[in-house]
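In: give me coordinates for this.
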Amino acid sequence: MSEKSIMAYFHSPDEAHKLLPQLKALGTIDVQVARIGQFQGDGVSEAFNPLTSGFPGLSFLTMNNENPGINEGILAATDVDASALSAPRSEDGYYDFNGVGNTDILLTVVIDEQVYEQAKRIVREGGGSF
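Out: You can find the predicted model right below:
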């Protein structure tokens, strides 16, 4: 039994999740839906008051960047999501602020090679882009 993988991008988790029953019916070996982004980690996991407790930087507060190192924190603070001061001008015609064309949901499927083309068709018809 030979395996193949599919990686497809979606606009929302719901778009990807609605395909799971069809893909699982084909006998997927593994399937995962995850949000991809610029920074590692799952985001801030604690509630705190930024006025009375320490925090590692601006991106921690504004972008859920939980464990920024000193260099990553400085760079992340210049991102348009952290501070509007670094936002591109509208006349530049650049609006893809998070760098992934608003397709930041990744569906990963590992499937038997015999049903690979059928799985790709399901993903394509479900709105996924490869």
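
In: please enumerate the strands of the protein.
Out: 3-10, 30-35, 105-112 (DSSP state E).

In: highest mean neighbour count out of those strands?
Out: Mean neighbour count (mean count of other CB atoms under 10 Å) peaks for strand 105-112 among these, with a mean of 19. Backbone N, C-alpha and C define where each C-beta goes, glycine included.

In: wait, residue 2 sits on residue 111?
Out: No - applying CB atoms under 8 Å as the test, residue 2 and residue 111 come out as separate, 10.3 Å apart.

In: quickly list the domain ranges of the protein.
Out: 1-36+100-130, 40-97 (automatic domain parsing).

In: weakest of those by average pLDDT?
Out: Comparing mean pLDDT across the domains of the chain, the weakest is domain 40-97, with a mean of 62.

In: who's in contact with the residue nearest to residue 29 when sequence neighbours are not counted?
Out: Of all residues not flanking residue 29 in the chain, residue 110 sits nearest, at 4.4 Å (CB to CB, 6 or more residues apart in numbering). Residue 110 makes contact with 3, 4, 5, 28, 29, 30, 31, according to CB atoms under 8 Å, 6 or more residues apart in numbering.
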